[in-house]
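**Q** Need a 3D model of the sequence below.
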Amino acid sequence: MKERSTHCTEMDEKLTDMLLDPESASAKVRAHVAECARCGEELARLQATMNLLDGWEAPEPSSYFLTRLNARMREERAATPSGWAGALARLRARLVYGSSLTVRPLAATALTIALLVGGGAYLGVTDWMHPAQPTGQTAVVHDLQTLDNNAQVLDQMEALSNNENGN
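**A** Presented below is the predicted three-dimensional model:
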């Protein structure tokens, strides 16, 4: 019984494939569905569900839906309180319900200006904190001075390599 239930759980995944395209199902799957009552019932239930869905038609939307929606939006805009709360509510309503064609360019411009000012301020601060140091010597002179300072280390490394080679 344990082997049969394990085999049936593996078949559950293949039943949907068999439902959608019975020709693509293997002979082993068809034989199992024919023998197993549980899998046969499950396939029959899936077929009944698909038949119900095939017969269902989506309802047509009401022709007055947009008219009622626009009227409701006008009522909501008109029903704002007065004072500071009213001004904030009107601003919110304009942003939420109003045309976004006027708000988007203003927001993009404000964001661009904020980024330019912030980036310029950052560059100014970092340049101020780390002033450029004038270099009076070239890279070649600097490299030669570094080699001269490290001459003792280079001599020690050469002595070690000579000792390892047996010299």
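**Q** okay, CA-based contacts and neighbour counts for the rest of this
**A** Noted.
**Q** Low-confidence stretches in the chain?
**A** 1-7, 80-81, 98-101, 125-137, 166-167 (pLDDT under 70).
**Q** mind checking the longest helix of it?
**A** helix 103-129 (DSSP state H).
**Q** Report the angle between whichever strand or helix holds residue 86 and helix 103-129.
**A** Here residue 86, judged by DSSP states H and E, is contained in helix 83-97. Orientation check (axes from the mean of the first three to the mean of the last three C-alpha atoms, to 10 degrees): helix 83-97 against helix 103-129 gives 100 degrees.
**Q** where does helix 83-97 sit relative to the chain's centre, distance-wise?
**A** How far helix 83-97 lies from its chain's middle: 32 Å, per C-alpha atoms, centre = their mean, to the nearest Å.
**Q** that older thread, buried residues, the longest helix of the chain. List them.
**A** Neighbour counts over helix 103-129 (16 or more other C-alpha atoms under 10 Å) mark no residue as buried.
**Q** That helix: what's the following helix or strand?
**A** Defined by DSSP H and E, the subsequent element after helix 103-129 is helix 139-149.
**Q** Now the element after that following helix, going C-ward?
**A** Sequence order places helix 151-165 as the next helix or strand after helix 139-149, per DSSP H and E.
**Q** Would you mind listing the buried residues in that following helix?
**A** Across helix 151-165, burial judged by 16+ other C-alpha under 10 Å covers no residue at all.
**Q** Show which residues not belonging to it make contact with it.
**A** For helix 151-165, there are no surrounding residues in contact (C-alpha atoms under 8 Å, 6 or more residues apart in numbering).
**Q** what's the offset of it from the middle of its chain?
**A** Put simply, helix 151-165 sits 57 Å off its chain's centre (C-alpha atoms, centre = their mean).
**Q** Could you check the angle that helix makes with helix 139-149?
**A** 60 degrees.
**Q** Report the separation between residue 156 and residue 163.
**A** As for residue 156, its distance to residue 163 is 11 Å (criterion: C-alpha to C-alpha, to the nearest Å).
**Q** nope, residue 140 is what I meant
**A** From residue 140 over to residue 163 the distance is 32 Å, taken as C-alpha to C-alpha.
**Q** same check, this time on residue 23
**A** Residue 23 is 80 Å from residue 163, by C-alpha to C-alpha.
**Q** Repeat that for residue 102.
**A** Residue 102 is 81 Å from residue 163, by C-alpha to C-alpha.
**Q** again with residue 27
**A** Applying C-alpha to C-alpha to residue 27 and residue 163 gives a distance of 78 Å.
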